[in-house]
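A.B. asks: compute the structure for the input listed below.
(2 chains)
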Amino acid sequence: NAGVMQNPRHLVRRRGQEARLRCSPMKGHSHVYWYRQLPEEGLKFMVYLQKENIIDESGMPKERFSAEFPKEGPSILRIQQVVRGDSAAYFCASSPRGQVSHEQYFGPGTRLTVT
Amino acid sequence: AQSVTQLGSHVSVSEGALVLLRCNYSSSVPPYLFWYVQYPNQGLQLLLKYTSAATLVKGINGFEAEFKKSETSFHLTKPSAHMSDAAEYFCAVRNTGNQFYFGTGTSLTVIP
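C.D. replies: Numbers count the residues shown, from 1 in each chain, chains lettered A, B, ... in the order given. Model (predicted):
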C-alpha cells in the first residue's frame, strides 16, 4: 500500500516562472491537505481539499497560489510568477475522512527553490 | 484560536539518557493532540496521538506522551535515547476544525 506520493521531490524555478506541485494521496483517502514549511519553522496550513471541492483555503496567499483536486488524478498546488520568498518545502497530507481524530499521513515533500 | 508552543527549539541528550520534549497547547475545547517526527529531507511520520481515551499514550520507537489537562501539556518522553532518535519533532493540535496547528519544532541531538 503506497503512501502519499509527491513529485517532483526537488523543483528549481526562476523568478516569474510557474511551479506545479503534485500530490497523490494514499489509496482510499479522499481528503488532501497542503502545508508549507519555511526554514527553521513549523508547518503552516495552506488548503484542505476533497475531490473537486476546496473545503478550506484560509491559509492560502490571496494571489498567485491555487490548488485543485480533480475527480481523476493527483492534487495540484500551483504557484504562478514565483518569487524568492516562495522557496520552501511543500508537504501534502491525506486522510481517509475529515474526522478530527484521524491523523494525517504526510508525503515526502517538494522542495522548491526560486533563483 | 489554536496554538501550540514547543519550549526549546534545540535539545541535546546523551545516548541512553531520558528524552523530554515539551509541548503546551491552547484550546478552548478538549483537543486532539499529535506528535510527529521528521528526519532530514523527509516528510512527517506520526509518533503517537491523543484522542481522549487514555491520558498516557504510547507510540512507536519507545516514545510516549502524557496529556495533562490541568497543565495544558502533552510532553513527549523516551526513557533511553538512541542515536537514531536524532530528528525534528513536531507537536500538533486539532479540534473541531479541519486544520492541524503545528509547533515550530524541536531538533533533538543525541550525543554518543
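
A.B. asks: how about the strands of chain A, start to end?
C.D. replies: Per DSSP state E, chain A carries strands over the ranges A:5-7, A:10-13, A:19-24, A:31-37, A:43-50, A:53-56, A:65-68, A:75-79, A:88-95, A:105-106, A:110-114.

A.B. asks: what would the ones you listed look like in CSV with mean pLDDT?
C.D. replies: Shown next, in CSV, are these (pLDDT from 0 to 100):
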stretch, mean pLDDT
strand A:5-7, 95
strand A:10-13, 97
strand A:19-24, 98
strand A:31-37, 93
strand A:43-50, 91
strand A:53-56, 91
strand A:65-68, 97
strand A:75-79, 98
strand A:88-95, 93
strand A:105-106, 90
strand A:110-114, 96
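
A.B. asks: now those strands as CSV including distance to chain B?
C.D. replies: Yep, even glycine has a C-beta here, placed from its N, CA and C like the rest. Formatted as CSV, those follow (distance: least, CB to the nearest CB, whole Å):
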stretch, distance to chain B
strand A:5-7, 8
strand A:10-13, 9
strand A:19-24, 11
strand A:31-37, 8
strand A:43-50, 4
strand A:53-56, 5
strand A:65-68, 14
strand A:75-79, 15
strand A:88-95, 6
strand A:105-106, 4
strand A:110-114, 8
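
A.B. asks: can you lay out those as TSV showing distance to B:G62 and mean neighbour count?
C.D. replies: As requested, the strands of chain A are arranged in TSV below (distance: least, CB to CB, whole Å; neighbours: other CB atoms under 10 Å in any protein chain shown):
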stretch	distance to B:G62	mean neighbour count
strand A:5-7	29	17
strand A:10-13	33	16
strand A:19-24	31	20
strand A:31-37	26	24
strand A:43-50	25	22
strand A:53-56	35	13
strand A:65-68	37	18
strand A:75-79	34	20
strand A:88-95	25	23
strand A:105-106	21	22
strand A:110-114	30	18
